[in-house]
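Enquirer: coords below, sequence missing:
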């Protein structure tokens, strides 16, 4: 009987001792649930502005060294330095777009005037067009109709043209919305330069609370990656587009602004300028004399190849992460998430690579410390 009483008393004591632990766990779960609920609400409120916030942060980090130098040159006037950098950024965005819009409008107006005057003449197709596989007969018939009566062909293709125009308008609207978001991000970044050091300290404190000293290393690596990608990808793309515009202007190539903008976009999305510059070189050999065509080729070929030399050097400079990992992050991020992935890709891949190395080293050290039997 005494033994049974003792066991019952022990069970009661165990139950009493475990009750506070259970209550503590329940309280922790409730607290976590409330924090998670507020975090979710906060995320849904901020989500519409997430892209703008990310772009503004990237621009601020990438351009802060330029802001600091300009502020020192202006005698410590931070507001004026931030205003000048913001205006320069807006000019870089709006200037080429305005040139493209005006050039495209002039070209479209000239084409419409020529069409109204009957000045557009389509040559008759060759008989060999009929022999093209699958599409030969259809292409030959439409081509022949265009050479005889262009108005009739346009009326025949009117439903398809309307559908294509609707798709084009939707695409232009999407591009316009993206550009508007980017312009707003440029304006927001102008207000982040002055409090930038305080924001950086807050981010470092948060990273240190999450991952200790390694969190500070991740913040430093993120900053270096953003600036290197801005220099190695965006900077080189701007140089290529600018040089291309100068060369094309020297040779009086039509729609220079649109071609230079296409070169800029292709370089940023990691396709390269070859799809634009190669047809230009071929056009030059058909349209120009041998001497000017050769000079055009000798000028455009280095422009097409310069990113293969400068980009790997600038992107990986000052980083412990291998250059191959950075370049894979740039390419994969661009393909997966568009232009913003150009920066997020190498950052995420670099952090994952560093964490993987830490995990592997920790496992190796643990195996070495195990006592041998």
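Expert: Yes, it's here. Since we're looking at a predicted model, the values are computed, not measured. Residues are numbered from 1 along each chain as shown.
Enquirer: so where's the stretch 1-150 of the chain shaky on pLDDT?
Expert: 1-21, 23, 115, 117-119 (pLDDT under 70).
Enquirer: Tell me which stretches of it form helices.
Expert: 2-46, 50-73, 78-116, 136-148, 150-156 (DSSP state H, counting those that start in this stretch).
Enquirer: Deepest in the core, which of those helices is it.
Expert: Among these, helix 50-73 has the highest mean neighbour count (mean count of other Cβ atoms under 10 Å), at a mean of 17. Bear in mind the C-beta positions are built from the backbone N, C-alpha and C, glycine included.
Enquirer: what's the angle from it to helix 78-116?
Expert: 120 degrees (axes from the mean of the first three to the mean of the last three Cα atoms, to 10 degrees).
Enquirer: how far does helix 50-73 sit from the chain's center?
Expert: Offset of helix 50-73 from its chain centre (Cα atoms, centre = their mean, to the nearest Å): 16 Å.
Enquirer: contact partners of it?
Expert: The contact list for helix 50-73 (Cβ atoms under 8 Å, 6 or more residues apart in numbering) reads 46, 77-78, 81-82, 84-85, 89, 181-182, 184-186, 188-189, 192-193, 196, 222-223, 226-227, 230, 234, 340, 343-344.
Enquirer: What of stretch 158-176?
Expert: So stretch 158-176 is in contact with residue 154, going by Cβ under 8 Å, 6+ apart.
Enquirer: average model confidence for that stretch?
Expert: Average pLDDT, stretch 158-176: 76.
Enquirer: How far does it sit from its chain's centre?
Expert: The chain centroid and the centroid of stretch 158-176 are separated by 24 Å under Cα atoms, centre = their mean.
Enquirer: how about that stretch: buried residues?
Expert: Going by neighbour count (16 or more other Cβ atoms under 10 Å), nothing in stretch 158-176 comes out as buried.
Enquirer: Which of the helices of the stretch 1-150 of the chain sits closest to residue 277?
Expert: Across those, residue 277 has its closest neighbour in helix 78-116 (17.4 Å, Cβ to Cβ).
Enquirer: Dump the helices of the stretch 1-150 of the chain into JSON lines; add distance to residue 177 as well.
Expert: Shown next, in JSON lines, are these (distance: least, Cβ to Cβ, whole Å):
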{"stretch": "helix 2-46", "distance to residue 177": "19"}
{"stretch": "helix 50-73", "distance to residue 177": "10"}
{"stretch": "helix 78-116", "distance to residue 177": "14"}
{"stretch": "helix 136-148", "distance to residue 177": "35"}
{"stretch": "helix 150-156", "distance to residue 177": "31"}
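Enquirer: Any idea which of those gets closest to residue 283?
Expert: helix 78-116 (16.0 Å).
Enquirer: Check the offset of that closest one from the chain's centre.
Expert: Distance of helix 78-116 from its chain centroid, counting by Cα atoms, centre = their mean, is 21 Å.
Enquirer: burial measure for residue 325, as a count.
Expert: For residue 325, the tally of surrounding residues (other Cβ atoms under 10 Å) stands at 17.
Enquirer: didn't it look like it was pressed against residue 353?
Expert: Yes - counting by Cβ atoms under 8 Å, residue 325 does reach residue 353; the two are 5.2 Å apart.
Enquirer: returning to that earlier point: what's the ChimeraX syntax to select whichever of the contacts of helix 50-73 are buried?
Expert: Here is the ChimeraX command that picks out the buried ones among the contacts of helix 50-73, judged by 16+ other Cβ under 10 Å:
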select :78,81,82,84,85,89,182,185,186,188,189,192,193,196,222,223,226,227,230,234,340,343,344
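Enquirer: Keep only those of the contacts of helix 50-73 that are in helices.
Expert: Of the positions in these, 46, 78, 81-82, 84-85, 89, 181-182, 184-186, 188-189, 192, 196, 222-223, 226-227, 343-344 sit in helices, assigned by DSSP state H.
Enquirer: re earlier: between the helices of the stretch 1-150 of the chain, which one is closest to residue 244.
Expert: helix 78-116 (11.9 Å).
Enquirer: same for that closest one, what does it pack against?
Expert: Counting contacts by 3 or more Cβ pairs under 8 Å, 6 or more residues apart in numbering; DSSP states H and E, helix 78-116 packs against helix 50-73, helix 158-192, helix 256-268.
Enquirer: The last one: which residues count as buried?
Expert: Under the neighbour-count criterion of 16+ other Cβ under 10 Å, helix 256-268 has 256, 257, 258, 259, 260, 261, 262, 263, 264, 266, 267, 268 buried.
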